[in-house]
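sequence and predicted model, in that order:
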Amino acid sequence: MIEKWYSLPRVGIKSRNISVQIRTLVSTNLVKFGIAPDYSINFESTTTEYLFEQEDASSTNVKYLGVLEVTENVDEIALNFGEKSYVLPKEIFVENASAILKSIFNVDIHREKAEDLKTIVFIPNSEILYVSSYGKIPIIVVEDKLNFYEHYITIDGSTYRSGVLTTTNSRQIQVEEIPILLSTNFLMTKSYTISLGTKKYSYNQSVPVFGWNKIILYSDGSITDTTLSWRLKVSNTPLDFLLNEDRFYVLDISGNVYSVNLKTRKVNHLGGVEGAFKFSKHGSDVFLCSQNLCYHVRETSLEKVDQHHIEESEAHFFYPSISSLQNTGFGVFLGKTFLGNELIFIYVLNDKLRILTDVGTWEVFLKE
């Protein structure tokens, strides 16, 4: 697979203060044009090595196009390639990256040249390379404390690869879409649920987005258990949520806060909080944070507390009380690691958070 990446024309990327988000955006668009990005060059250091080395270009038949300098400032992106220079507001670059890079390299889209490419996932600590099913960038270097599996792991522990789901007792089931849950009577994917008895498909009323032990949360604010024996409408589209023993708390995009007693399935509307962005757990207590105030979340009410509980806004994170996951318009990121373009499903099982993307399964231990 590395040889296939080597066969593409490539360009050196000389970067200054470039975030993983911008780096991924540049890489994805270059690969779209049939160009392999090489990040082995750096303003501050030349010791960082990725998939390719610029000095090897002369000893191969590879076409080396030159060096693209990328500088990221607070609000601007500067690009330099030969005699071409651009300084653009960051928002403009993000929205028009494909057209801008196409203009710089004067190329048409040649995605067909890279159809059989697969992204290499590199685990530095173990020096292990995985070949993923993804193919839009050459390499993903995984941060410490983050595990990667090239197959998909469902909530029940089954594994899925190449269209085949293998259950925990080694039974194999053919399924076209990536599954998220297998039960005795059904198999659930993001789009539909299959009855294992009748083989009938039923499309999900809304998209399952998160699982927490035996609870599944949907994009419309509904919850159910992993047997699908009941379903409860709690809120509008959830912005954040938290499970605390037998209480499930939901903050929706309208700022409304709800408490669900999972034993009785009773829903309490606790009120609305403008600017609220996350829940926070301290011992057995649950708090709701906004940009101006913090509230102690009770079973049936919200109680204002001292300002020392206020936390910095994490509204740019996806379900911030559980993870520091960022789901942008051009990728899913956890810390400095690019996880993929498409977020398929997330779930918590015991003390592990698993994130399913179009690259594979990512796993991180939850913070206390």
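Ah, there it is. Numbering: from 1, shown residues only.

apart from its chain neighbours, what residue comes closest to I128?
Spatially, and ignoring its direct neighbours in sequence, I128 is nearest to F122 (7.5 Å; C-beta to C-beta, 6 or more residues apart in numbering). Just so you know, the C-beta spots here come from the backbone N, C-alpha and C atoms, and that holds for glycine as well.

could you verify my assumption that that neighbour touches P138?
No - using C-beta atoms under 8 Å, F122 makes no contact with P138, being 10.3 Å away.

which one's more surrounded, these two?
Just comparing F122 and P138: by other C-beta atoms under 10 Å the higher neighbour count belongs to P138, 26 against 17.

ends of stretch 182-197, how far apart?
With C-alpha to C-alpha, to the nearest Å as the measure, the first residue of stretch 182-197 is 13 Å from its last.

domain-wise, how is the protein divided?
2-141, 207-322 (automatic domain parsing).

for R161, find the nearest of the ones you listed.
Nearest of the domains of the chain to R161, taken as C-beta to C-beta: domain 2-141 at 8.3 Å.

pretty sure I92 sits in a strand.
No - counting by DSSP: H, G, I helix; E, B strand; the rest coil, I92 is not part of a strand but helix.

and it, how close does it get to L117?
29 Å (C-beta to C-beta, to the nearest Å).

neighbours around I100, how many?
Counted with other C-beta under 10 Å, the neighbours of I100 add up to 18.

for it, which residues are in contact?
When contacts are counted by C-beta atoms under 8 Å, 6 or more residues apart in numbering, I100 touches L79, Y86, L88, F93.

next: E176.
G163.

ok, now how distant is it from L165?
Separation of E176 from L165 (C-beta to C-beta) stands at 11 Å.

got it, and E69?
Distance, E69 to L165, using C-beta to C-beta: 46 Å.

higher neighbour count, the two?
L165 (20 against 16).

helix/strand/coil for the more buried one?
Per three-state DSSP, the local secondary structure of L165 is strand.

what does K278 give?
In three-state terms, and counting by three-state DSSP, K278 is strand.

okay, and the beta partners of it?
Taking DSSP bridges as the rule, K278 bridges to C289.

for A97, see how far away it is.
30 Å.

now do S254
33 Å.

ok, those two, which is more surrounded?
Under the criterion of other C-beta under 10 Å, the comparison of S254 against A97 puts A97 first, with 20 against 12.
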